[in-house]
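Student: Structure here, sequence nowhere to be found:
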């Protein structure tokens, strides 16, 4: 089933009066506990088993998912509503009636089991949480707690116990989110050797590009720093990252130029037409200055400089990494419609007020390297 997306005001009015399905009594003596993001759920309602199926209160959706839960006492049905869809759940039925904002309605089956009303509250199969919101649920090994781990568009006002990232260099260096708000991390908590500090950084919640955390002495002062790498966005021909370097003994963030801006200040470029070819001249400044010319053979017929432009573009794809105790970055060099010609490799060093560009070099793409014509600087 397509997961529900969107954001709306959170409200709840549930007053069920239909007959409840038979409830398993195996766990009646010790009610199951419920947790969200590793912390006790706010709702006092407990999970339970019915017909061998694990059920959770529908009310728990409001603790992490931006939707409305609306109970229709006349029709005896519960609606999950957000700005993109409405999903109707009918107690006693395993059908989900879904209406999307721009499409017709559809019916889908909850394979796990029907909606249940118990003591005036609606319960849904735990596995259905994934279909509805992307959240995963599991019974912990202790056997007495049902844990819900929200999906990539969840919302919670509590700091999860599980960190977003742990530094490979030191397991006592951890990064948490201060607030998950829909598809955004709003604020982060950095922990170093048991001490914590809040930072007001924000970043999109990108499932396949989670925050990275390192612990290394990148300014070479004998004391390691915590380095946080956040992905700002990804797309066709685009990757944007940002980096934060923190001295944990002071909780001071070091200033440093973004890789694309540092590279743009250290390189000049020009494009010209040479008969049927396009010539790209690059001059790289810095500790090891260089000049070179790339020849794109036969490409002048591709609408010439109207397509390629008069200079190269820098920074459409940018990555940061910590390697060998050094903070490094890679940022792209492109011409035309996001056509890569190579990568600028940067290495940072300690500067007067923080970190600054230490070295930079250009590495042409393999596909055009045979057409490179070096020139002495």
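Tutor: That came through fine. Just so it is clear, the model here is predicted, and its values are computed rather than measured.
Student: number of nearby residues for residue 349?
Tutor: 16 (other CB atoms under 10 Å). Bear in mind the C-beta positions are built from the backbone N, C-alpha and C, glycine included.
Student: these two touch, right, it and residue 355?
Tutor: Yes - counting by CB atoms under 8 Å, residue 349 does reach residue 355; the two are 7.0 Å apart.
Student: overlap in contacts of these two?
Tutor: residue 219 (CB atoms under 8 Å, 6 or more residues apart in numbering).
Student: hey, which helix or strand in the chain has the poorest pLDDT?
Tutor: Within the chain, no helix or strand scores below strand 12-13, which has a mean of 35 by mean pLDDT, DSSP states H and E.
Student: Please pull up the helix or strand immediately following it.
Tutor: Moving toward the C-terminus from strand 12-13, the next helix or strand (DSSP states H and E) is strand 33-36.
Student: Which elements pack onto that next one?
Tutor: Packing contacts for strand 33-36, counted by 3 or more CB pairs under 8 Å, 6 or more residues apart in numbering; DSSP states H and E, involve strand 145-149.
Student: Following element in sequence after the strand it packs on, please.
Tutor: strand 165-166.
Student: and that following strand, how far from the chain's centre?
Tutor: Centroid separation for strand 165-166 versus its chain: 14 Å, with CA atoms, centre = their mean, to the nearest Å.
Student: again with stretch 348-362
Tutor: On CA atoms, centre = their mean, the centre of stretch 348-362 falls 28 Å from the chain's centre.
Student: secondary structure class for residue 301?
Tutor: Under DSSP: H, G, I helix; E, B strand; the rest coil, the three-state class of residue 301 is coil.
Student: can you count the residues close to it?
Tutor: Counted with other CB under 10 Å, the neighbours of residue 301 add up to 10.
Student: list the contacts for it?
Tutor: Residue 301 touches residue 276, counting by CB under 8 Å, 6+ apart.
Student: Look at residue 185 and report its pLDDT.
Tutor: We have a pLDDT of 89 for residue 185.
Student: Quickly list what it is bridged to.
Tutor: Applying DSSP bridges to residue 185 gives these bridge partners: residue 180, residue 203.
Student: list the contacts for it?
Tutor: Contacts for residue 185 (CB under 8 Å, 6+ apart) come out as 164, 177-179, 201-205, 211.
Student: at 7 Å what do you get?
Tutor: Neighbour list for residue 185: 177, 202-203, 205 [criterion: CB atoms under 7 Å, 6 or more residues apart in numbering].
Student: ok, it to residue 162 distance?
Tutor: 14 Å (CB to CB, to the nearest Å).
Student: Hmm, residue 270 is touching residue 281, no?
Tutor: Yes - look at residue 270 against residue 281 with CB atoms under 7 Å: they come within range, at 5.0 Å.
Student: More neighbours: which of these two?
Tutor: residue 281 (17 against 13).
Student: just checking, the more buried one touches residue 294?
Tutor: No - with contact defined as CB under 7 Å, residue 281 does not count as touching residue 294 (8.0 Å).
Student: From the chain's centroid, how far away is the host helix or strand of residue 332?
Tutor: Using DSSP H and E, residue 332 sits in strand 326-335. Strand 326-335 sits 21 Å away from the centroid of its parent chain (CA atoms, centre = their mean).
Student: which neighbours does that strand have in its sheet, and in what orientation?
Tutor: In the sheet containing strand 326-335, the strands it pairs with under DSSP bridges are strand 313-323 (antiparallel), strand 339-350 (antiparallel).
Student: Turn those strands into a markdown table, including mean pLDDT and distance to residue 364.
Tutor: Listed next are the strands paired with strand 326-335 as a markdown table, based on pLDDT from 0 to 100; distance: least, CB to CB, whole Å:
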| stretch | mean pLDDT | distance to residue 364 |
| --- | --- | --- |
| strand 313-323 | 96 | 14 |
| strand 339-350 | 95 | 4 |
